[in-house]
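>>> Okay, sequence plus prediction incoming.
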Amino acid sequence: MMKDKKQELKQPHDATFKKLFGQTAIARDVIANNLPAEMINLLDLSTLQLIDGSFISESLKSSFSDLMFSVTFEGEEAYVALLLEHKSYPDKLTAFQVANYMINFWSKIIENGGEELPLMIPIVVYHGKSHWNYKTDMRHLIKNYETLPTTFKERLPVLKHDFINIQAQEEEDIKAYRPMTRMVVRSFKYIFDDVDELMESFLISLDELSNRATDEEIQKLVELLLLYYSAASRDFEEEKLIKKIQDLDGKGEQMMTILQERERRGIKQGLERGKSEIVKNLLQKNMSYQFISETTGFPIEKVKEIKKEMK
């Protein structure tokens, strides 16, 4: 089961970013704690909604993953884009690439009959290890921009982006988030660090999340993050995490319960897949629905669904 899921997670940072930051509550928390207060006060973040689809052009796919959200600004529809920086090193041309992304998005608005351009706020999310010291305004890529006469500066387009450097966020910054967001942010912050530090941050986050979310919500988050750790950190081993939990002397009881439930569901899903194959084999032999149901324990309606899938 785990191997199959790892195959699905060929680009673990991008896939996990989209699944977690794509959750409205987490995205709202991240946006609210990273945009300037004067902007947040004008955006109605209670209206924040994820828009299906990506607005990344083919030329930018090697640079970003994107999540686009609609939000109300002074009664009008506006947009906030979270752009995960793909590269593990700072890229001076990021401001130009973001500007390109904005133009691509607005071009689609025009192509669909729009005659006005909506407000758009792009936010680059970076979690690489290298220090980032590049400007977030595309005009600074113009040679000798600072010394240009004002008349020329006035004619250059202002295309800027906001910037979240997860690696640079300290614990004081992270604790401003809600517990579930803390767990997500710490995971991206420590994924390139020593595996023990990654696991310690995971356990701290889980303790903070206890009694703040439902067991189902915690299980889903834990399952996704453990899969992310396994795919993105070469040194991560779930057995080491279990050993750390056992060393907590009873304090890790909830985590052990979650892991056990995760394993139980994995076994159950494996058995279900095995039964499905048996059903297909029996259907190919033209056995009756009643016989197949009695043999596998699957309801007749489920057997009929599998028959339709085979067609």
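That came through fine.

>>> got the domain boundaries for this protein?
Structural domains assigned to the chain are 34-168, 255-310, following automatic domain parsing.

>>> Quick one: mean pLDDT for the first one?
This means domain 34-168. When pLDDT is averaged along domain 34-168, the result is 94.

>>> again with the last one
Computed over domain 255-310, the mean pLDDT rounds to 73.

>>> Where does the closest residue to Leu119 other than its chain neighbours sit: helix, strand or coil?
Once its chain neighbours are removed from consideration, Leu119 has its nearest residue in Ala78; the separation is 3.9 Å (C-beta to C-beta, 6 or more residues apart in numbering). For glycine as for every other residue, the C-beta is placed from the backbone atoms N, C-alpha and C. Local secondary structure at Ala78 is given as strand here, using DSSP: H, G, I helix; E, B strand; the rest coil.

>>> For the helix or strand where Phe96 lies, which outside residues touch it?
Here Phe96, judged by DSSP states H and E, is contained in helix 94-111. Contacting residues not belonging to helix 94-111 are listed as 55-57, 59-60, 63-64, 66, 68, 79, 81, 83, 85, 91, 117-118, 120, 122, 124, 134-138, 140-141, 157, 159-161 [C-beta atoms under 8 Å, 6 or more residues apart in numbering].

>>> and if we set it to 7 Å?
Surrounding helix 94-111, the residues in contact under the criterion C-beta atoms under 7 Å, 6 or more residues apart in numbering are 55-57, 60, 63-64, 83, 85, 117-118, 120, 122, 124, 134-138, 141, 159, 161.

>>> Which residue ranges of the stretch 151-300 of the chain form strands?
Using DSSP state E, counting those that start in this stretch, the strands of the stretch 151-300 of the chain run over residues 162-165.

>>> That one: helices as residue ranges?
Counting by DSSP state H, counting those that start in this stretch, the stretch 151-300 of the chain has these helices, from start to end: 171-174, 179-190, 195-209, 215-232, 238-246, 253-284, 289-296, 300-310.

>>> so which of those helices comes closest to Ala25?
Nearest to Ala25, of all the helices of the stretch 151-300 of the chain, is helix 179-190, at 7.2 Å by C-beta to C-beta.
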